[in-house]
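> I'll drop the sequence and a predicted model, then ask my questions.
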Amino acid sequence: AAGLRLGAAAGCPEPPEASGPGMPGGYGPPAVPEADDEVYGIMDAAHAFEALERHIGAAAVDGDGMPELCYYSVQVVAGMNYRLTISAGGGLYEVTVFKPLPHTGNEPEVTKIREAS
């Protein structure tokens, strides 16, 4: 994905440990993306970087503050929710992207951005 660095870099914390099997219908355990991970294509289609840039302000991601996808979790719904943890501008953000089922013909979209705790 253009403009994004791979996770596990200096600005990224370690993903939280899974504390068991998880709740049915909840998010799965966090995964650190590989270079060819499909999540990058989903982020590009949803314009996740641009949405985060608008949320925190372009000045906050200039210079060495290039965004990094640290890790992500997936939730199966009527489509897929991707909860992305992104390091940008000295902060850590959680960006949720919804990828609808293929038959809808709709593109993935950012549904929520918040500061990660």
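That came in fine, so what should we check first?
> can we go C-alpha only for contacts and neighbour counts from here?
Noted.
> poorly predicted segments of the chain, please.
Counting by pLDDT under 70, the chain contains low-confidence ranges at 1-10, 19-22, 58-65.
> in it, which spans are strands?
68-77, 79-88, 91-100, 109-115 (DSSP state E).
> closest to M43 out of these?
Proximity to M43, assessed across the strands of the chain by C-alpha to C-alpha, is greatest for strand 91-100 (7.4 Å).
> can you dump the C-alpha atoms of the closest one in PDB for me?
Output for strand 91-100, consisting of C-alpha atoms alone and laid out as PDB, is shown next (Å, rounded to 0.1, in the frame of the first residue of the first chain):
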ATOM      1  CA  GLY A  91      -0.100   8.800  18.100                       C
ATOM      2  CA  LEU A  92      -1.800   5.400  17.900                       C
ATOM      3  CA  TYR A  93      -5.200   5.200  16.100                       C
ATOM      4  CA  GLU A  94      -7.900   2.500  15.700                       C
ATOM      5  CA  VAL A  95      -9.500   2.700  12.200                       C
ATOM      6  CA  THR A  96     -12.500   0.400  11.500                       C
ATOM      7  CA  VAL A  97     -13.100  -0.500   7.800                       C
ATOM      8  CA  PHE A  98     -16.200  -2.400   6.700                       C
ATOM      9  CA  LYS A  99     -15.800  -4.600   3.600                       C
ATOM     10  CA  PRO A 100     -19.300  -5.500   2.300                       C
END
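> next, the angle from it to strand 79-88.
160 degrees (axes from the mean of the first three to the mean of the last three C-alpha atoms, to 10 degrees).
> chain center to strand 91-100: distance?
Strand 91-100 has its average C-alpha position 4 Å from the chain's average C-alpha position, going by C-alpha atoms, centre = their mean, to the nearest Å.
> and the angle from that strand to strand 68-77?
Computed by the same axes, to 10 degrees, the angle between strand 91-100 and strand 68-77 is 40 degrees.
> paired strands for strand 91-100, with orientation please.
The strands beside strand 91-100 in its sheet (DSSP bridges) come out as strand 79-88 (antiparallel), strand 109-115 (antiparallel).
> residues touching the residue nearest to M80 when sequence neighbours are not counted, list them.
Across the structure, with C-alpha to C-alpha, 6 or more residues apart in numbering as the measure, the residue nearest M80 apart from its sequence neighbours is K99 (5.1 Å). When the contact criterion is C-alpha atoms under 8 Å, 6 or more residues apart in numbering, the partners of K99 are I42, G79, M80, N81, Y82, E107, P108, E109.
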